[in-house]
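S.K.: Could you work out the structure for the sequence below:
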Amino acid sequence: MSLKPLGDRVILKQDEAETTTASGILIASSAQEKPQRGTIIAVGEGKLDNSGNLVKPGVEVGDSVIYGKYGGTEVTIDGEDYLILRADDIYAILTK
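M.R.: The predicted structure is shown next:
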């Protein structure tokens, strides 16, 4: 099964939550913070502006991004967890 986002929504695969601190201390699963980074796997066509022009999201498939902590909807498809959110909820693209 595949997912295709509608409008200005994107689908991303969240990065794994941190399991250890920088000093090597293990973090209990109940204390791990929800990740705010992920990789875009699908992008919608965009949304219409007030003039009726299609405005495409500013991200592409494969981009690593930082997004809002509580944004989006988590879904599980074929045993894989994904996050669907609006392109406006993406704060930055990580570059190398």
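S.K.: Which residues does stretch 77-95 contact?
M.R.: Stretch 77-95 is contacted from outside by 1, 3, 5, 8-14, 37-38, 41, 43-44, 57-59, 63-68, 71-76, using Cβ atoms under 8 Å, 6 or more residues apart in numbering. (C-beta placed from N, C-alpha, C; glycine too.)
S.K.: Any chance of a ChimeraX selection covering the buried ones in these?
M.R.: Buried residues within those, by 16 or more other Cβ atoms under 10 Å, are selected in ChimeraX with:
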select :5,8,9,10,11,12,14,38,41,43,44,57,59,63,64,65,67,72
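S.K.: and residue 40, how many neighbours?
M.R.: Residue 40 has 22 neighbouring residues, counting by other Cβ atoms under 10 Å.
S.K.: other SSEs contacting the helix or strand it falls within?
M.R.: Element membership for residue 40, per DSSP states H and E: strand 37-43. Strand 37-43 is packed against strand 9-14, strand 64-67, with contacts defined by 3 or more Cβ pairs under 8 Å, 6 or more residues apart in numbering; DSSP states H and E.
S.K.: can you pull the contacts of residue 60?
M.R.: Residue 60 touches 40, 43, counting by Cβ under 8 Å, 6+ apart.
S.K.: how far away is the spatially most central residue of the chain from residue 4?
M.R.: What sits nearest the mean C-alpha location of the chain, by Cα atoms, centre = their mean, is residue 12, with 4.0 Å. Distance check for residue 12 against residue 4: by Cβ to Cβ, to the nearest Å, it reads 14 Å.
S.K.: Bridged to the residue nearest to the centre of the chain, which residues?
M.R.: For residue 12, the beta-bridge partners are residue 40, residue 83 (DSSP bridges).
S.K.: And it, how far from residue 51?
M.R.: For residue 12 relative to residue 51 (Cβ to Cβ), the value is 29 Å.
S.K.: How about residue 3?
M.R.: 30 Å.
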